[in-house]
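Following is a predicted model, sequence given first.
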Amino acid sequence: RIFNSYNVGGLLDHALGPTGRVYIDGRGDLHARGAHTATYRSITGCQAGWYEALLEADVELVIFPTRTRLAHELVTVHGWTSLHLDKGWCVLRRPRKS
């Protein structure tokens, strides 16, 4: 399961095909008023309970802009591993379960 930026969800969905599981894509008409979008915003804004919501969604990878609070918190506070990191984007992997 991939938690991704809204802006790249459609591209990831297309590239990964039916086996890929993106968290959200660019179809705002489907997502705009649902609880899923509220949870997405909570996670991206690192609001109360955001990390628990991310784990509840069984997210294993995060593809998100590098210079965001979310990326910073996942790496420095929660120990996620950086698989890719450049000035624009990062791919982070959840720590292995013990």
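Thanks, I have it.

CA atoms for contacts and neighbours, from now on please.
OK.

Return the set of buried residues in stretch 80-88.
By neighbour count on 16 or more other C-alpha atoms under 10 Å, the buried set for stretch 80-88 is 80-82.

quick one: the residue nearest to L54 when sequence neighbours are not counted from F64, how far?
Among residues not flanking L54 along the chain, I43 sits closest, at 6.8 Å (C-alpha to C-alpha, 6 or more residues apart in numbering). Distance of I43 to F64, given as C-alpha to C-alpha, to the nearest Å: 12 Å.

same for the lengthiest helix in the chain, what does it pack against?
Determined from DSSP state H, the single longest helix within the chain is helix 35-44. With contacts defined as 3 or more C-alpha pairs under 8 Å, 6 or more residues apart in numbering; DSSP states H and E, the packing partners of helix 35-44 are helix 50-56, helix 69-76.

can you pull the buried residues of the longest one?
Burial within helix 69-76, assessed by neighbour count using 16+ other C-alpha under 10 Å, is assigned to 70-71, 74-75.

for those, which one is nearest E56?
L74 (15.1 Å; C-alpha to C-alpha).

give me the number of residues near V62?
25 (other C-alpha atoms under 10 Å).

Got the confidence number for it?
For V62, the pLDDT comes out at 95.

Please report the distance of it from G20.
Distance from V62 to G20, counting by C-alpha to C-alpha: 13 Å.

Pretty sure the residue nearest to L54 sits against A53.
Yes - using C-alpha atoms under 8 Å, I43 is in contact with A53, at 7.2 Å.

Which one's more surrounded, these two?
Per other C-alpha under 10 Å, whichever of I43 and A53 has more neighbours is I43, with 19 against 15.
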